[in-house]
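# Sequence unavailable; structure follows:
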């Protein structure tokens, strides 16, 4: 488990529409984490929160930060 795996997950949700649609089919946080682990991205709830913070700090535009916040808001619907 790692923050890097969580960062990879966030980036893939942002850039890969097929992966994003598969994630949208998850009905619970357990389902989502099971799916992402099967895809080689195993992370904890704390690690993904840290990943969101890291990515937000790296953003150079409001648009980039907004995109990270959108994905974070979607992810938090599972909690």
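That came through fine. Keep in mind that this is a model prediction, so the values were computed, not measured.
# Tell me where this protein has helices.
3-15, 17-24, 29-38, 45-58, 62-76 (DSSP state H).
# by contact count, what packs against the second one?
Packing partners of helix 17-24 (3 or more Cβ pairs under 8 Å, 6 or more residues apart in numbering; DSSP states H and E): helix 3-15, helix 29-38. C-beta here means a position set from N, CA and C on the backbone, and glycine is covered the same way.
# Now do it against helix 62-76, angle only.
Put simply, helix 17-24 runs at 40 degrees to helix 62-76, going by axes from the mean of the first three to the mean of the last three Cα atoms, to 10 degrees.
# And the pLDDT at the residue minimising distance to the centre of the chain?
A centroid search over the chain (Cα atoms, centre = their mean) returns residue 10, at 3.3 Å, as the residue closest to the centre. Residue 10 is assigned a predicted lDDT (pLDDT) of 97.
# Hmm, it is touching residue 74, no?
No: using Cβ atoms under 8 Å, residue 10 is not in contact with residue 74; the gap is 10.4 Å.
# on that earlier part again, distance to residue 23 added to the helices and strands packed on helix 17-24, as JSON lines?
Below are the helices and strands packed on helix 17-24 laid out as JSON lines (distance: least, Cβ to Cβ, whole Å):
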{"stretch": "helix 3-15", "distance to residue 23": "6"}
{"stretch": "helix 29-38", "distance to residue 23": "6"}
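# so which of these gets nearest residue 68?
Closest to residue 68 of the helices and strands packed on helix 17-24 is helix 3-15 (Cβ to Cβ; 7.1 Å).
# Report the buried residues of the closest one.
3, 5, 6, 7, 8, 9, 10, 12, 13, 14 (16 or more other Cβ atoms under 10 Å).
# show me what contacts the fifth one?
Taking Cβ atoms under 8 Å, 6 or more residues apart in numbering, we find residue 8 in contact with residue 41.
# That one and residue 62, how far apart?
24 Å (Cβ to Cβ, to the nearest Å).
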